[in-house]
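Asks: structure of the sequence below:
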Amino acid sequence: MINITNDSGSIRITDDVFTLLAGDAATSCFGVKGMAGRSKDGGPLQLLRRESMSKGVVVHYNDDESISLELHIGVDQGVNIAAVSRSIIKEVSYKLKKNTGVPVKAVDVYIDTIIG
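Replies: Residues are numbered from 1 along each chain as shown. So this is what the prediction gives:
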């Protein structure tokens, strides 16, 4: 959780906000089929429904009050993975900074599955 304090008061931003914004930004990028995740019992990898996409995002809090993210995604077969990953990194960083004001130190994209 990030706490932002100023003269008017304080704001607490939880993991849920970051994961929802990051998942939404990532899945809006061309070539992304969805967020990927495993069931709690470690079952097979699956694409996550929109309401469960936060399971494909891991938030790490840094000492300098920035955040780092891990995104687990599934992409379309035949897309340029490097280009899709760059697009995701730019979009997620921009949307999180714009909507929360919290600096994003790193976005690590893990392509967990290719959907054909």
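Asks: please count neighbours and contacts with C-alpha atoms only from this point.
Replies: Will do.
Asks: next secondary structure element downstream of the lowest-mean-pLDDT helix or strand in the chain?
Replies: When each helix and strand of the chain is scored by mean pLDDT, DSSP states H and E, strand 46-47 comes last, with a mean of 72. Toward the C-terminal end, the helix or strand that comes next after strand 46-47 (DSSP states H and E) is strand 57-61.
Asks: what residues sit buried inside that next one?
Replies: Buried positions in strand 57-61, judged by neighbour count with 16 or more other C-alpha atoms under 10 Å: 57-59.
Asks: just checking: what are the partner strands of that strand?
Replies: Partner strands for strand 57-61, per DSSP bridges, with pairing direction: strand 67-76 (antiparallel).
Asks: kindly export the longest helix seen in the chain (C-alpha atoms) in PDB.
Replies: Determined from DSSP state H, the single longest helix within the chain is helix 81-100. This file holds the C-alpha atoms of helix 81-100, laid out as PDB (Å, rounded to 0.1, in the frame of the first residue of the first chain):
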ATOM      1  CA  ILE A  81       6.600 -10.300 -28.700                       C
ATOM      2  CA  ALA A  82       9.200  -7.600 -28.200                       C
ATOM      3  CA  ALA A  83       7.000  -4.900 -29.800                       C
ATOM      4  CA  VAL A  84       4.000  -6.000 -27.700                       C
ATOM      5  CA  SER A  85       6.100  -6.000 -24.500                       C
ATOM      6  CA  ARG A  86       7.400  -2.500 -25.200                       C
ATOM      7  CA  SER A  87       3.800  -1.300 -25.800                       C
ATOM      8  CA  ILE A  88       2.600  -2.900 -22.600                       C
ATOM      9  CA  ILE A  89       5.500  -1.400 -20.600                       C
ATOM     10  CA  LYS A  90       4.800   2.100 -21.900                       C
ATOM     11  CA  GLU A  91       1.000   1.900 -21.600                       C
ATOM     12  CA  VAL A  92       1.100   0.500 -18.000                       C
ATOM     13  CA  SER A  93       3.700   3.000 -16.800                       C
ATOM     14  CA  TYR A  94       1.800   5.900 -18.300                       C
ATOM     15  CA  LYS A  95      -1.700   4.900 -17.000                       C
ATOM     16  CA  LEU A  96      -0.500   4.200 -13.500                       C
ATOM     17  CA  LYS A  97       1.500   7.500 -13.200                       C
ATOM     18  CA  LYS A  98      -1.400   9.500 -14.700                       C
ATOM     19  CA  ASN A  99      -4.100   8.000 -12.500                       C
ATOM     20  CA  THR A 100      -2.300   7.600  -9.200                       C
END
